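> pasting a predicted model and its sequence here:
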Amino acid sequence: AQTVTQSQPEMSVQEAETVTLSCTYDTSESDYYLFWYKQPPSRQMILVIRQEAYKQQNATENRFSVNFQKAAKSFSLKISDSQLGDAAMYFCAYRSPSNTNAGKSTFGDGTTLTVKP
Amino acid sequence: EPEVTQTPSHQVTQMGQEVILRCVPISNHLYFYWYRQILGQKVEFLVSFYNNEISEKSEIFDDQFSVERPDGSNFTLKIRSTKLEDSAMYFCASRVDRGYYEQYFGPGTRLTVT
């Protein structure tokens, strides 16, 4: 079974600065998807960024980028130029696209990000 | 952009009562999921549904839970006799097909059992 570990329960960053959230995972599969979701106080799950394991290039979405290290099974999220609206809980998630798997997502425990003005 | 919808947004029920949480997945999607998030905890997989049957379920998904796709659009989660520990946010998700496809989450239903 796959596991996802987020070792930072809480992180804080000054507005306009950069912060990196850590995520490691364990799997025996070679093909999979990795995601970062943002969960604001409304508790809706908002997809921030995704990475396909077969792609060597790190995904980027505007101020959000990942550092995907497949051999190390590490998938960190970097938020540049942090904004007050970035404050939320962030979840790292793993999903297998295997045809023999139902494609469920496995989530980490989450990291609460605080942005200081 | 198409989206997954869930109703109600908040449900309050008494212990022992039956509740039905409703989801409308994106219309051309074939895989459907329910997840649960107890306040302050991680999101946990409950069940996946494909081709009108459960394809996988977690240990949490015991006999008190059932899922159904009663028509071509709705996907429901029923809890037969709610317990206090069922209080959580329940998320529905859907995916168009197997393989490398996005899983779209609904906004969630907050269930409070008193």
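In hand now; what should we look at? Remember, predicted model here, so these are calculated numbers, not experimental data.
> tell me what residue 95 is bridged to.
Let's take chain A. Residue A:95 has the following beta-bridge partners by DSSP bridges: residue A:33, residue A:105.
> my bad, the chain I had in mind was chain B
Note on residue B:95: beta-bridge partners by DSSP bridges are residue B:31, residue B:103.
> just the pLDDT for it.
According to the prediction, residue B:95 has pLDDT 88.
> spit out the contact partners of it.
With contacts taken as CB atoms under 8 Å, 6 or more residues apart in numbering or on different chains, residue B:95 has the following neighbours: A:103, B:29-31, B:33, B:101-104. Heads up, the C-betas are built off the backbone N, CA and C, glycines and all.
> same question, residue A:8
A:21-22, A:111.
> rewinding a little: got a winner among the contacts of residue B:95 for most neighbours?
Across these, the neighbour count under other CB atoms under 10 Å in any protein chain shown reaches its highest value at residue B:33, namely 30 neighbours.
> just to be sure, it is in a strand?
Yes - using DSSP: H, G, I helix; E, B strand; the rest coil, the assignment for residue B:33 is a strand.
> picking up where we left off before, of the contacts of residue A:8, which belong to helices?
Counting by DSSP state H, those place none of their members in helices.
> of these, grab the buried ones for ChimeraX.
Buried members of the contacts of residue A:8, defined by 16 or more other CB atoms under 10 Å in any protein chain shown, are picked up in ChimeraX with:
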select /A:21,22,111
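> and the contacts of residue A:8, which is closest to residue B:114?
For these, the residue nearest residue B:114 by CB to CB is residue A:111; the value is 31.2 Å.
> can you report how many residues neighbour the residue of chain A at minimum distance from chain B?
Among the residues of chain A, residue A:102 lies closest to chain B, at 3.8 Å counting by CB to the nearest CB. By the measure other CB under 10 Å, the count of residues near residue A:102 is 19.
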